[in-house]
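Peer 1: no letters, just coordinates:
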């Protein structure tokens, strides 16, 4: 591995292999050959005019890395007069990190970052894209791209997947104050996973999927203060999943599935509140799943609207709705003024609630307070949870610590299932004192499966007791010091 340094004070006649012998220009970098594992580092605090366009590929497990050295602000790549600040065409096994990319003069077509023509295995980390006339980050016809902790602001769209890009991930980062969407997946792109990414204050929607995109997952992604919807699904495309996503204070709907959208959309453990139109508008597709969600205070007084086909095919229950006045669940053109009317008329949502979910803050913090009726009111869909059942909404509330724990374990039973190891069941009864001084109780039958592999029979009961005690403390939030 060789390190190359680039600085405003450098000289392109140098060998570039030390800070004292740094190169000076992007042209020198673009015209040089590198080997897998090499690092090309730009000096922090410096600005480099022109376009970065690497053409030498790394290898799997040995990326060519473009990054920063020194202290201070991230080095700026200003693609003044160019069509992009960073262009990678057909690139393989590259990393770009800790750079600021911009088009400060607003000249030209203006992408911040453009990956195109079958790029593969590209890692983008801690990149800031500012003021571009086109997309801040544009990923076209590419695969296995990861964008982690990046930002884009003042762009046409913050980050966009296009041209059937696939098997990519967006982790963390923020896309805000852009002219259209914050994060957009279009044109047949598929198998995109978005985790912990925020989109806010964009002119249109925060998160958008459109034009035959499919099979995308969003987890823990807040959308707020966008001009249109928090989350939009437009045109055809199937298989979108939203988990633990809060959407609030948007000008349009919290979620919108437009007519003509595809099927099999899953919305679970989400919170939508204080949006200008409806909190959930599900007008397109069929065979959706809608569970463990909160809808509170919508501008049009409607927490949930569904078309007739959606309503007849959806799996829906364990939700919480609340509107201080004029509360409605709207199904096509029919309006149900109360949740009870909707339940009686359709037989749907028999476990759902009409109650104030009691947020920590109505507009800035949609975590639940401990007194919320949504605590332990959801249904287990495979996520981890604290307490006796999952909470409804995007956030699992931290349970109050307790003390004075007593555990009774009775009726040890070997189930007779011995593949691959013996399985045991036991009846458990637990009593403890909650943090507020009130008593807590819980009982049930538990199964202890393959975690017992390799435990001597002479110690198996003691080991199971240790498992129980540990799980009790985790599930009930009991402080071991008390």
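Peer 2: Now that the structure is in, tell me what you want to look at. If you're wondering where the values come from, they're calculated on a predicted model, not measured in any experiment.

Peer 1: all contacts plus neighbour counts: C-alpha atoms, from now on.
Peer 2: Fine.

Peer 1: residues in contact with the most centrally placed residue in the chain?
Peer 2: The residue lying closest to the centre of the chain (Cα atoms, centre = their mean) is residue 195, at 2.8 Å. Contact analysis of residue 195 by Cα atoms under 8 Å, 6 or more residues apart in numbering lists 169, 170, 171, 172, 218, 219, 220, 221.

Peer 1: switch to 7 Å and redo it
Peer 2: 170, 171, 172, 218, 219, 220, 221 (Cα atoms under 7 Å, 6 or more residues apart in numbering).

Peer 1: cool, and residue 65?
Peer 2: Taking Cα under 7 Å, 6+ apart, we find residue 65 in contact with 38, 39, 40, 94, 95, 96.

Peer 1: the same query, at a cut-off of 8 Å, please.
Peer 2: Applying Cα under 8 Å, 6+ apart, the residues near residue 65 are 37, 38, 39, 40, 94, 95, 96, 97.

Peer 1: so what strands line up beside the helix or strand that contains residue 41?
Peer 2: Following DSSP states H and E, one finds residue 41 within strand 39-43. Next to strand 39-43 in the sheet, as set by DSSP bridges, lie strand 3-6 (parallel), strand 64-69 (parallel).

Peer 1: can I get those in TSV with mean pLDDT?
Peer 2: Converted to TSV, the strands paired with strand 39-43 look like this (pLDDT from 0 to 100):
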stretch	mean pLDDT
strand 3-6	98
strand 64-69	98
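
Peer 1: please flag which of the contacts of residue 195 sit within strands.
Peer 2: The strands, defined by DSSP state E, take in 170, 171, 218, 219 from these.

Peer 1: ok, those vs residue 437, which is closest?
Peer 2: Closest approach between these and residue 437, by Cα to Cα: residue 219, at 35.7 Å.

Peer 1: is the closest one in a bridge, and if so with what?
Peer 2: Taking DSSP bridges as the rule, residue 219 bridges to residue 195, residue 243.

Peer 1: just the pLDDT for it.
Peer 2: Confidence at residue 219, expressed as pLDDT, is 96.

Peer 1: isn't it right next to residue 198, touching?
Peer 2: No: under the criterion of Cα atoms under 8 Å, residue 219 makes no contact with residue 198, lying 10.6 Å away.

Peer 1: of these two, which one has the most company?
Peer 2: Higher neighbour count among residue 219 and residue 198: residue 198, with 24 against 21, using other Cα atoms under 10 Å.

Peer 1: out of the contacts of residue 195, give me the one that has the most neighbours.
Peer 2: Result: residue 221 is most packed of these (other Cα under 10 Å), 25 neighbours.

Peer 1: for residue 279, what are its contacts?
Peer 2: Counted by Cα under 8 Å, 6+ apart, residue 279 has contacts 253, 254, 255, 272, 273, 295, 296, 297, 298, 302, 303, 304.

Peer 1: ok, the fourth one touching residue 254?
Peer 2: Yes: the pair formed by residue 272 and residue 254 meets the contact definition of Cα under 8 Å, at 5.5 Å.

Peer 1: mind listing the shared neighbours of these two?
Peer 2: Common neighbours of residue 272 and residue 254 (criterion: Cα under 8 Å, 6+ apart): 247, 248, 279, 280.

Peer 1: most widely separated two among those residues?
Peer 2: 248 and 280 (11.2 Å).

Peer 1: just want to know which of the two has more residues nearby.
Peer 2: residue 248 (33 against 28).

Peer 1: check contacts around the more buried one.
Peer 2: Residues near residue 248 by Cα under 8 Å, 6+ apart: 223, 224, 225, 230, 254, 271, 272, 273, 274, 275, 363.

Peer 1: ranking by neighbours, what's the top pick from these?
Peer 2: residue 230 leads those on contacts (other Cα under 10 Å) with 36 neighbours.

Peer 1: and the gap between that one and residue 224?
Peer 2: Going from residue 230 to residue 224 by Cα to Cα, to the nearest Å gives 6 Å.

Peer 1: overlap of the contact sets of the two?
Peer 2: Residues touching both residue 230 and residue 224 (Cα under 8 Å, 6+ apart) are 206, 247, 248, 250.

Peer 1: I'd like these as a markdown table, with pLDDT and secondary structure appended.
Peer 2: Output for the shared contacts of residue 230 and residue 224, formatted as a markdown table (pLDDT from 0 to 100; DSSP: H, G, I helix; E, B strand; the rest coil):
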| residue | pLDDT | secondary structure |
| --- | --- | --- |
| 206 | 98 | coil |
| 247 | 97 | strand |
| 248 | 96 | strand |
| 250 | 97 | coil |
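
Peer 1: looking at those residues, spot the one nearest residue 1.
Peer 2: Nearest member of the shared contacts of residue 230 and residue 224 to residue 1, counting by Cα to Cα, is residue 206, at 40.8 Å.

Peer 1: backbone phi and psi for the closest one, please?
Peer 2: phi -70, psi -60 (degrees, to the nearest 10).

Peer 1: enumerate every residue touching the residue nearest to residue 179 when sequence neighbours are not counted.
Peer 2: Leaving aside its sequence neighbours, residue 179 sits nearest to residue 156 (Cα to Cα, 6 or more residues apart in numbering; 4.7 Å). Residue 156 is in contact with 132, 133, 134, 135, 136, 178, 179, 180, 181, counting by Cα under 8 Å, 6+ apart.

Peer 1: centre of the chain to stretch 131-144, how far?
Peer 2: How far stretch 131-144 lies from its chain's middle: 19 Å, per Cα atoms, centre = their mean, to the nearest Å.

Peer 1: which stretches of the stretch 301-450 of the chain aren't confidently modelled?
Peer 2: For the stretch 301-450 of the chain, applying pLDDT under 70 flags the ranges 326-334, 398-404, 414-424, 434-436, 446-450.

Peer 1: how about the helices in it?
Peer 2: 308-313, 339-346 (DSSP state H, counting those that start in this stretch).

Peer 1: buried set for the last one?
Peer 2: For helix 339-346, burial by neighbour count (16 or more other Cα atoms under 10 Å) applies to 339, 340, 342.

Peer 1: so how far is residue 268 from the second one?
Peer 2: Read that as residue 340. Between residue 340 and residue 268 the distance is 22 Å, computed by Cα to Cα.

Peer 1: before we move on, what about residue 289?
Peer 2: From residue 289 to residue 268 the distance is 8 Å (Cα to Cα).

Peer 1: those two: who's more crowded?
Peer 2: Neighbour tally, residue 289 and residue 268, criterion other Cα under 10 Å: the higher count belongs to residue 268, 25 against 16.

Peer 1: got the contact list for that one?
Peer 2: Here residue 268 is in contact with 242, 243, 244, 289, 290, 291, 292, 293, 393 (Cα under 8 Å, 6+ apart).
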